[in-house]
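Asker: this one's sequence-less:
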């Protein structure tokens, strides 16, 4: 469960990232976050993963309070989250399998757990056959699937995807979105920041629209509303 | 439940991270080599100066132990005049200024000179009656020599023509050199350590930069701070330790070369008690100092870089 209570972020250079945002995302929800660049979308996501802390107000994520969070707690918060980026961020010198396994090594999983979980995660994203391929041998869509497998392998309760289809063609984008929906149906909360109007309008999920740091609308089964 | 993760890293993980740190050494050959060489050179200079200082200290101790005041009496000195000097020295023993003394009679002096010259022609006509009597006085503290010497010159039986022998000047000169060595040692320690720390820190910075993607992913996945830091710390410690190891062998060989050279020079100059000591007895001590210094320098260097550039 994620809760923003009057959360405001003012950067040290005076730029306002978020302004008095209050919103609540329940466990198992699928939420789109949309808005132009500079709308506060990234700040919103960064706050959930504690890359930024609110300058005032509060943010609660999976029982952790982001404001005044002790440093030593951050890794534990992050372990309850799965994070996917627009540019995949895979390690080029590791195979698909090793990239996913890396995420488990970092949280000190046993070799046995790793051998069991990594194939499951790769299977979930439909990449079992490409386990030994290196990122440069995979298409963009496949790379994003590896990134998804990596995000999911430690069983996070929340998946955060920052423009996950920004670098992909429409057909592949849909495949990734279908996958995200499937993941959501298995009980994981999914939060997706995106620019893709078609996808948002078709999927009819909850939509948060941010504008200049403020939450402009919050609709169940919302549409991508163009500002003009 | 989640507190459990705090406790500590598993042995398996530590092994993995140490391996990671070790492999970093290979990945960044040029800077790593430069750092190792810097540590080695730093320690080498420090070590040589340190060894010389240890030598000086031990030689000074030997000199202090052997140092005595030599007082010759006039050849014409009477028994009364001799007793006057002996009484004075006895009183100084009671005051704790003199630790012991030895009297050399005319006969003993004659025997000595006979043994030394071994030339009948030169000894012709020489009898014990021509020889002066003498006292060899050991002080408890060389600092007290000035007073004792000035007291002794006042006795009528004491021969002041040749002066009263005392090698305090040489001792003071050596102590001066030792002091200078200590300053050089401290100076080198500070300057060279800073250079070494800076270079190691820079090497680690490059590794951090080369591995920034992995570090970023590690942070997002929720790696503990220690988990991210440890490989870099290991890398720094290794650089320091390898540098120390190389330096130790360099120092060992350089010192033994220096030892033989200086010993023969000292011998040629006629110093029989001044000697450079052997390396073996201090080898272990030097090795431990080197290893500790290398590891500390490496640790500080990597810690600095990790704090500044890793941001975890």
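Answerer: Good, I have the coordinates. Note that this is a predicted model, so its numbers are computed, not measured. Numbers count the residues shown, from 1 in each chain, chains lettered A, B, ... in the order given.

Asker: so how many other residues sit close to residue B:224?
Answerer: Counted with other C-beta atoms under 10 Å in any protein chain shown, the neighbours of residue B:224 add up to 23. Yep, even glycine has a C-beta here, placed from its N, CA and C like the rest.

Asker: might you report the residue contacts of the closest residue to it other than its chain neighbours?
Answerer: Ranked by C-beta to C-beta, 6 or more residues apart in numbering or on different chains and with sequence neighbours excluded, the top spatial neighbour of residue B:224 is residue A:75, at 5.1 Å. Neighbouring residues of residue A:75 by C-beta atoms under 8 Å, 6 or more residues apart in numbering or on different chains: B:5, B:222, B:223, B:224, B:225.

Asker: any idea which element residue A:75 lies in?
Answerer: If you go by DSSP states H and E, residue A:75 is part of helix A:74-79.

Asker: so after that helix, what's the next helix or strand?
Answerer: Remark: after helix A:74-79, the chain's next helix or strand is strand A:81-85, criterion DSSP H and E.

Asker: quick one: check that following strand for contact with chain B.
Answerer: Yes: interface with chain B: strand A:81-85 contributes A:81, A:83 (C-beta under 8 Å from any C-beta of the partner chain).

Asker: which other residues reach that strand?
Answerer: With contact meaning C-beta under 8 Å, 6+ apart, strand A:81-85 is reached by A:48-49, A:61-62, A:144, A:147-148, A:151-152, A:154, A:156-164, A:188, B:220, B:222.

Asker: strand partners (parallel or antiparallel) of it?
Answerer: Each strand pairing with strand A:81-85, determined using DSSP bridges, is listed with its direction: strand A:158-162 (parallel).

Asker: between the two ends of stretch B:207-214, how far is it?
Answerer: Across stretch B:207-214, the straight-line distance between its terminal residues is 11 Å, by C-alpha to C-alpha, to the nearest Å.

Asker: is that stretch positioned near chain A?
Answerer: Yes: contact of stretch B:207-214 with chain A is found when judged by C-beta under 8 Å from any C-beta, involving B:213, B:214.

Asker: how close does the residue of the stretch 151-300 of chain B found nearest chain A get to residue A:35?
Answerer: Of the stretch 151-300 of chain B, the residue with the smallest distance to chain A, taken as C-beta to the nearest C-beta, is residue B:222 at 3.4 Å. In this structure, residue B:222 and residue A:35 are 27 Å apart, going by C-beta to C-beta, to the nearest Å.

Asker: avg pLDDT for the helix holding residue A:75?
Answerer: pLDDT averaged over helix A:74-79 equals 93, rounded to a whole number.

Asker: name the next helix or strand downstream of the helix or strand of chain B with the lowest mean pLDDT, please.
Answerer: Taking mean pLDDT, DSSP states H and E as the measure, the helix or strand of chain B with the lowest value is helix B:120-123, at a mean of 72. Stepping forward along the backbone from helix B:120-123, the first helix or strand reached (DSSP H and E) is strand B:134-139.

Asker: just checking, what packs against that next one?
Answerer: Of the remaining helices and strands, those touching strand B:134-139 by 3 or more C-beta pairs under 8 Å, 6 or more residues apart in numbering or on different chains; DSSP states H and E are strand B:69-72, helix B:79-95, strand B:98-104, helix B:145-153.

Asker: now residue A:80, nearest residue through space, not along the chain?
Answerer: What sits nearest to residue A:80 in space, not counting adjacent residues and going by C-beta to C-beta, 6+ apart, is residue A:62, at 4.5 Å.

Asker: can you pull the contacts of the one you found?
Answerer: Residue A:62 sits in contact with A:1, A:2, A:77, A:80, A:81, A:157, A:158, where contact means C-beta under 8 Å, 6+ apart.

Asker: for chain A, just list every one of the strands.
Answerer: For chain A, the strands defined by DSSP state E occupy A:2-10, A:16-25, A:30-34, A:56-61, A:64-65, A:81-85, A:158-162, A:189-193, A:206-211, A:214-219.

Asker: so can I have TSV of these showing distance to residue B:19 and mean neighbour count?
Answerer: Shown next, in TSV, are the strands of chain A (distance: least, C-beta to C-beta, whole Å; neighbours: other C-beta atoms under 10 Å in any protein chain shown):
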stretch	distance to residue B:19	mean neighbour count
strand A:2-10	38	19
strand A:16-25	40	19
strand A:30-34	40	22
strand A:56-61	34	19
strand A:64-65	32	15
strand A:81-85	27	24
strand A:158-162	31	24
strand A:189-193	36	24
strand A:206-211	44	21
strand A:214-219	48	15
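
Asker: and of those strands, who's closest to residue B:110?
Answerer: Of all the strands of chain A, strand A:64-65 sits nearest to residue B:110, with 99.6 Å by C-beta to C-beta.

Asker: what's in contact with the closest one?
Answerer: For strand A:64-65, the external contacting residues (C-beta under 8 Å, 6+ apart) are A:50, A:58, A:59, A:73, A:76, A:77, A:80.

Asker: please verify my assumption that residue B:283 contacts residue B:249.
Answerer: No: using C-beta atoms under 8 Å, residue B:283 is not in contact with residue B:249, being 11.0 Å away.

Asker: who's in contact with the spatially closest residue to residue A:104 that is not a sequence neighbour?
Answerer: Spatial nearest neighbour of residue A:104, excluding adjacent residues (C-beta to C-beta, 6+ apart): residue A:114 at 4.7 Å. When contacts are counted by C-beta under 8 Å, 6+ apart, residue A:114 touches A:101, A:104, A:105.

Asker: export the residues you listed to TSV and tack on pLDDT and distance to residue A:219?
Answerer: TSV is the format used below for the contacts of residue A:114 (pLDDT from 0 to 100; distance: C-beta to C-beta, whole Å):
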residue	pLDDT	distance to residue A:219
A:101	95	40
A:104	93	38
A:105	90	41
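
Asker: which one of those is nearest chain B?
Answerer: Taking C-beta to the nearest C-beta as the measure, chain B sits nearest to residue A:105 out of the contacts of residue A:114, at 6.7 Å.

Asker: and chain A, which residues reach chain B?
Answerer: With the criterion set to C-beta under 8 Å from any C-beta, chain A comes near chain B through A:49, A:71-72, A:74-79, A:81, A:83, A:89, A:91, A:102-103, A:105-108, A:110-111, A:150, A:154.

Asker: please pick the buried ones from those.
Answerer: Restricting those to buried positions leaves A:49, A:74-79, A:81, A:83, A:89, A:91, A:102-103, A:105-108, A:150, A:154, with burial counted as 16 or more other C-beta atoms under 10 Å in any protein chain shown.

Asker: what stretches of the stretch 101-250 of chain B score poorly on pLDDT?
Answerer: Low-confidence segments of the stretch 101-250 of chain B, defined by pLDDT under 70, are located at B:162-168.

Asker: helices of that one, residue ranges please.
Answerer: According to DSSP state H, counting those that start in this stretch, the stretch 101-250 of chain B carries its helices in the segments B:106-117, B:120-123, B:145-153, B:168-210, B:212-221, B:225-268.

Asker: go on, chain A?
Answerer: Per DSSP state H, chain A carries helices over the ranges A:41-48, A:74-79, A:96-106, A:111-124, A:140-152, A:170-185, A:197-203.

Asker: who wins for proximity to residue B:77 among these?
Answerer: helix A:74-79 (91.7 Å).

Asker: what is the nearest of the contacts of residue A:62 to residue A:223?
Answerer: Within these, distances to residue A:223 taken as C-beta to C-beta reach their minimum at residue A:2, with 22.5 Å.

Asker: got the contact list for the closest residue to that closest one other than its chain neighbours?
Answerer: Nearest in space to residue A:2, with sequence neighbours left out and distances taken as C-beta to C-beta, 6+ apart, is residue A:25 at 4.3 Å. The contact partners of residue A:25, taken as C-beta under 8 Å, 6+ apart, are A:1, A:2, A:3, A:31, A:189, A:191.

Asker: ditto for residue B:290
Answerer: Applying C-beta under 8 Å, 6+ apart, one finds that residue B:290 lies in contact with B:43, B:47, B:244, B:245, B:247, B:248, B:251.

Asker: ok, for it, nearest residue in space, not its chain neighbours?
Answerer: With C-beta to C-beta, 6+ apart as the measure, residue B:244 is the residue that lies nearest to residue B:290, at 4.2 Å, once sequence neighbours are left out.
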